[in-house]
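> Give me coordinates for this.
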Amino acid sequence: DNVLNIINQIMDECIPQDRAPRDFCVKFPEEIRHDNLAGQLWFGAECLAAGSIIMNRELESMAMRPLAKELTRSLEDVRGALRDQALRDLNTYTEKMREALRHFDVLFAEFELSYVSAMVPVKSPREYYVQQEVIVLFCETVERNGKGVLKFIWNCNGP
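Prediction:
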């Protein structure tokens, strides 16, 4: 859990503009969103990578296992890049380090959505995006109609 917090801090400093989107997290139930969620997700990833089944959900576990294995390998890559970086200039991040962090961040976001979705109903990023598009379209329609109504009222009452 501590390692993940440190890596998150490094990613915030090293690749702030390249972080994987996590808009889907707003759809997580309140009881799921807490400070040690990352640690629980990491524990789940390690268990799945080792062949365990999570909460009697065999199909979901089998589907997530390749992602969990790739995620655990990716963390090892990040740790290796961090060790190499520690032996060099601590004020400059190498491209190898940035790439390892980007890859880990994307995988962790994918795993976070997959794992939590297996536990509780959560909209996919695509469903969330479509919902946002519909909301924007609705707001634009209301705004246009509102302007038309105001113009109509203005014309009826005269200047």
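> low pLDDT regions in the protein?
122-124, 147-150, 152-154, 157-159 (pLDDT under 70).
> quick check: domain ranges of it?
Per automatic domain parsing, the domain ranges recorded for the chain read 2-122, 123-159.
> Make CSV from those and add mean neighbour count to it.
The way it works is simple: take the backbone N, C-alpha and C, and place the C-beta from them, glycine included. Shown next, in CSV, are the domains of the chain (neighbours: other C-beta atoms under 10 Å):
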stretch, mean neighbour count
domain 2-122, 15
domain 123-159, 10
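> ok, now how distant is I6 from L87?
Distance, I6 to L87, by C-beta to C-beta, to the nearest Å: 17 Å.
> Same question for M55.
Counting by C-beta to C-beta, the gap from M55 to L87 is 42 Å.
> mind listing what D84 touches?
Taking C-beta atoms under 8 Å, 6 or more residues apart in numbering, we find D84 in contact with T94, K96, M97.
> which residue sits closest to the most centrally placed residue in the chain in space, ignoring its chain neighbours?
Nearest to the mean C-alpha position of the chain, by C-alpha atoms, centre = their mean, lies R22 at 3.0 Å. In this structure, R22 finds its nearest non-sequential neighbour in A109, 5.7 Å apart by C-beta to C-beta, 6 or more residues apart in numbering.
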